[in-house]
Every structure is written in structure tokens, then in C-alpha cells.
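> Predicted structure and sequence below. I'll ask about it afterward.
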Amino acid sequence: MNRAVRYTLLASFVLAVLWVAGCDGCGPGPIKVTFSGAPSTGIANSGSSLTATVTNDGRNLGVYWTCTPVGSCGTFNPAQSGSGDPVTYTPPPSATTVTICATSEADPTKSFCVTIPIDAYLAFYLSGYENNEDEDTYGLAGSVEVDPTGKVLGGEQDYNDADAEGGVGASSAQITGGSLTVNLATGQGTLTLVTNNAKVGVSGTETLGLQAVNSAHALIIQFDGSATSSGSLDTQTLPSTPTGGFAFAVSGVDNEYYSVVLGGVFTISGANIQNGFIDVNDSGYPPVLYELPYSGTIAAPDKYGRGTLTLNASGEDPTLVYYIVGPEAMRLIRVEDPTQFVVGSAYGQGASALKFNNALVGSYAFLVEGNVYSFPVYAAAGMITTTKGEGLPFTGVGDVNEEGFPASAQSLSGNWFMDNDGYGGLGFSAGKGLEDIYNLGVYAVDPKLNILDPNNPSGGGGALVVDLDGSSSFESPLNGVGVLLPQTDTTSADVNGTWAFGAQDFPLGGLCAGCYEFDFVGQGTISSLAFSGTGMISDPGKLFSSKTTDSGVSFAGSGESSTATIVPDEENPGRYTISNQTIGTLEYEFHVTIYQASSGQLLWVEMDDLSLWGGTLQTLTPLP
């Protein structure tokens, strides 16, 4: 072979190698990436399908997907795809702006990017006390759409104070505007809702104070002086009609304005509600009603996740409005009857539905509290350990404050049961209850669900709780609702950290005349078992100052101490006490008991003769 031929063959080989390794795609032209399906606006937590098309990629390597800001822009499943193959993009859990890119695997210099706003749909619910002449208790639930600038784009809500004669009564309203502002450093802010109902809030505008726990969950209070209440604000994931097994608990007032609580279980199958069992404790109509069977229907949700549940129990057909938080969480409120209402939550049972028999085994922390129209008004917390022994016994310790009569570190024992459908109960033995608390209805939820924060993937499970005591030393039924959380950590060192906290307080006559309730949320730090923080207080009775609402309020210790001292109970690991808690400039020391459910969840009750509260502390995750 002559030299010219060899050079020609070598040149051809080199060109072929270069073409395979670095050509624009080994096709008739340069690589080009485009994709379809990108929405003009994304919705937080709600996935959408994206498809990238790569032109002139002779090797068909496809694309890899990225977004910014890195770490808080969402996820792709899968993160790499072939040309024309769809991927699911799930936006982050809060309103923001993101840039999504599909980049060629064959030529990383070729990509296609689009920047889109991510709006968030947020579900909220509260219950509390109106600051008006009627002094009504009330419930509020709704959903609102917020864009990345904090502008409220729309929404809807349902309100009921069980006053059909002169108060707000039962009403459904459109949310036409408003704004969300949050201090990223503290997580505290406000959500303002402009509605078309002039009776709610201040001439139709409601302001909610909030303490973010993380980017998808906040503790909230009404914060405009027209009323005070406590509740939750959560990012919505809006699926189709809920399905499967659920547990629920709600609290409110009946048509004679007596406190009433209900709890139970049910199954949703298509448009039908089946296998329902409900417990009722109505202080106006004793005795307590146990395990009433019921059925019903469910209507599909609208764009805001609002739908209705119509129940058929004991000849009545109450309708509950629901707002979806996610596939296994709903907020509930009754509004079809303007003379009575309840508000609360329903949580899914997941794959454990109809498999709960004797499942309530282990250690648990619990909290239960009445509403402002309960008599006696009360709050209680504690921890128990259950076993599978004969009679299914449990033992534990608890604290309760009934109408300013606190009882601390009470020794508890009794028996429990749990049916396959998650319907169960705790029965305290004679002399081994929490003063007048002897019977708690217990309704199990999915072990993968976090009851306090249903968007949190940490899970945990547990149960909703309803107090089913038919009488008390006050000659009135004791009723309230709460939670039973698995107790996975009692190590005192794990109480240290940064916490979002909140509580609903019922001050008694000796502390302030004519004030019925105040509510607060805040952020605090526990270091070396010393607590301090700042918060927001809704205080219609002006107990703390001349203001009905106040921000930047200190939560500290008394005297020369700038912190409140947390003292572990050596005999009962997981139980702690505070004897020198102060709030703002009020010259009053609050005495508090804390029960540790886990390294991320604490339950607390106030144990004073002039005031009482129940609430939670949840590990705070800094906002992005």
C-alpha cells in the first residue's frame, strides 16, 4: 500500500472517531433540545408531566433534568430520560420561582430552560372565640392560592359560630385578595384574607398570624382583634376524591350552645361512605353515645380541594365540608346548620386500614383539650405504655388542669382496645385516671402519617383522641379532642434545639375579668434545658397589654433569669416541668408541664389555678 493511500485511510479513521466522540449528534444537523408540557405556572407539591425532545441525537442518549435554586426547586422522576419519554416534575412545597432545564446527554452545551412561578394552595383551619357582643365560639376552614410574591390570587372558606340570630352564623365565602408575608429568619408572619363576607374579620378582611414550622406547615392564630383562635396552615396536594379508611375528631357546639365533640372511623369507596362508627359526647344531651353506625356519600372536591361529606347517623343527615391537605389529610367543618358547628380533621389509615386489631402497643404521649364553651374547660397531657397482656393493660403518668384545679404527675393505669378498623379506646381504672378523665375514644391513623404535620414524611402514626367522659366533679360532662403520638424518644438532651410553638389558653376569672381566651405562636430555643423565644399573641381581653394583637413578645424566665428552666422528671423520663415561664411584660409566672413524644414533637399544658393551655412544640426547619 503506498504512502498516499495510508494517509487517506488514517485521515478517514481520525475523522470518524472525532465524529462519533464530538459531533453535534451524528445526525444531519446540530443537536437541539426542546420540551413540552411545561406549565405557565406550577402548583406547589402537585406534579406535572414534562417531555423533552432531542433533535439530531444519533446515539439517542436523551437528557438529564435540573432546576434552580438548587435544593429548593423541586424534584424529577426520573432525573434522566430518553427523547420523548415523560418525566414527573414535582415543585417545592411553597410558593417560589424556579428555572427548569433539560440538557442533552450527548452535548451538554445544548439545553432548553424555562422559568416559571410556583403558586401554592394552602389549606387552613382554626377554632376559637369571637371578640364581640355575642362572645361566640367559632370554626373556620378554607383554602387560598398564593403566588411567589405573596399575593393572594383567590380562595374560599367556610365559617360558623352557631349564631343564626345576630352573629356571623354559617357562611361560605370567596376569598378575593390578600397577601402572605413571612420573615424568613424567624418564620413569623401574617396571612391577610379579603373576603366577600363583611361579617367576618374586620369588615370582611381576616388576618391570621403564623409561625412557620417548615416550608409546608405553619401554626396559626387569628390576629386581627375580631376573634382569637388556634389552628394550622398547610400546603395542599390536590388529588381526586379521597379514598380508603379514615379516622376523624371534631369539636364545637350544639344547637343549644353546649360543647360537643365527635370522633370515629369510616371508609370512602367511590362516592360512598361505608363502615362508619362514631362516638358523640354532647354536654347538653347526656349520656355519651358510643359506636353509632353510619354511612353516607362524598362529593368530589373543587379546584381548592373543597368538597362535602353527607353522613347518615341515627336519623340525622349532617353535612361536613372538607378541605384536602393531601391524600390522607382533610380539615372538616360543619356549616349547613347555622345553629351548630364542629371543626377538626380526618386522617387516612393507609395500607393499615382494617388491619389495626391490637395494634395499639407501645409507648405514647397524648394531649387533649376542651373548647372555650366546655365546662369545665380543661387541658391534659401525659404518656402511657400499653401491652398485649391479659385485659390489654396500660400504665403511665399525666397532668390535667380542670377549670384552674391542676393535678400533676398523676399515676395512670387501665385497659385499652383496638378493633381492625382502627376504632379503639382507653379506659382508666378507678382512682387511676386524670381527675375526671376516665374514658378516651382512640381512632388510629396510618403509621406513615405525621398527625401534627401531615406533609412531613417523617411519619409516626398514632391516633386522634376524643374525651368520652359522661360526668365530672363539676356535674357536667368532660369533653375535648386531641392526639395520641408514638413516644420514640425520652432523652432529655434531645429536647434541646429550635422549636416552633403554639397554644390555646383559657384564662380564668382571677387572671383577667371578662377575657375568655388568648392564643399564641412563636419560635424558641432550648439550650441546656433552658427555654426562651419570641412570639405573636392574639389577646382580645388585653391581658398582656393595651393591644389586642402583639408581635415580638418575649417568652422567657422570671426574675433575673432570661430563660425558663426546664426540669426533667427523674422518675418519669420524657416528662418535664417549667416553673418560671413568663410571657411579655405580664407579672405572672406560668407553670408548664411538657411531655416528649419524639426528638421533633413535644406536648405542653399549663398547670396554674388562674389559667390553662394546651399546645405543641415542633422542630423548626429554617425556611429556604
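Arrived safely. Residues are numbered from 1 along each chain as shown.
> after the helix or strand of the chain with the lowest mean pLDDT, next one along is what?
Least confident helix or strand of the chain, by mean pLDDT, DSSP states H and E, is helix 3-22 with a mean of 35. Moving toward the C-terminus from helix 3-22, the next helix or strand (DSSP states H and E) is strand 32-36.
> helices or strands up against the helix or strand following that following strand?
Counting by DSSP H and E, the next helix or strand C-terminal to strand 32-36 is strand 42-43. Applying 3 or more C-beta pairs under 8 Å, 6 or more residues apart in numbering; DSSP states H and E, we find strand 42-43 packed against strand 111-130. C-beta here means a position set from N, CA and C on the backbone, and glycine is covered the same way.
> what's the spacing between the strand it packs on and its chain's center?
14 Å (C-alpha atoms, centre = their mean, to the nearest Å).
> residue ranges with poor pLDDT in the stretch 201-350 of the chain?
Applying pLDDT under 70 to the stretch 201-350 of the chain flags residues 314-316.
> do the same with the chain
1-28, 314-316.
> and stretch 243-252, which residues are buried?
Neighbour counts over stretch 243-252 (16 or more other C-beta atoms under 10 Å) mark 244-252 as buried.
> Let me have those residues in TSV, extended by secondary structure and distance to residue 480.
Shown next, in TSV, are those (DSSP: H, G, I helix; E, B strand; the rest coil; distance: C-beta to C-beta, whole Å):
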residue	secondary structure	distance to residue 480
244	strand	27
245	strand	24
246	strand	21
247	strand	17
248	strand	15
249	strand	10
250	strand	11
251	strand	7
252	strand	12
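> from those, which single one is nearest residue 465?
Using C-beta to C-beta, residue 249 comes nearest to residue 465 of the buried residues of stretch 243-252, at 6.8 Å.
> distance of the closest one from residue 233?
Computed as C-beta to C-beta, to the nearest Å, the residue 249 to residue 233 distance reads 19 Å.
> circling back: which one of the buried residues of stretch 243-252 sits closest to residue 507?
residue 251 (19.3 Å).
> pretty sure the closest one contacts residue 480?
Yes. Residue 251 lies in contact with residue 480 (C-beta atoms under 8 Å); the separation is 6.9 Å.
> what touches both of these two?
Common neighbours of residue 251 and residue 480, counting by C-beta atoms under 8 Å, 6 or more residues apart in numbering, are 261, 370-371.
> of these, closest to residue 135?
Using C-beta to C-beta, those come closest to residue 135 at residue 371, 13.2 Å.
> What's opposite the closest residue to the closest one other than its chain neighbours in the beta bridge?
In space, and not counting its chain neighbours, residue 371 is closest to residue 251: 5.1 Å by C-beta to C-beta, 6 or more residues apart in numbering. Here residue 251 sits in beta bridges with residue 261, residue 343, going by DSSP bridges.
> coming back round to it: compare the shared contacts of residue 251 and residue 480 and tell me which is most surrounded.
Within the shared contacts of residue 251 and residue 480, neighbour counts (other C-beta atoms under 10 Å) peak at residue 261, which reaches 31 neighbours.
> Okay, strands next: where are they in the stretch 201-350 of the chain?
Secondary structure of the stretch 201-350 of the chain (DSSP state E, counting those that start in this stretch): strands located at 205-214, 217-222, 227-235, 244-253, 259-269, 272-282, 289-298, 306-312, 319-326, 329-334, 341-348.
> same for the first one, what does it pack against?
Spelled out, it's strand 205-214. Contact analysis of strand 205-214 by 3+ C-beta pairs under 8 Å, 6+ apart lists strand 170-182, strand 188-195, strand 217-222, strand 497-507, strand 518-527, strand 530-538 as its packing neighbours.
> Thank you kindly, that will do.
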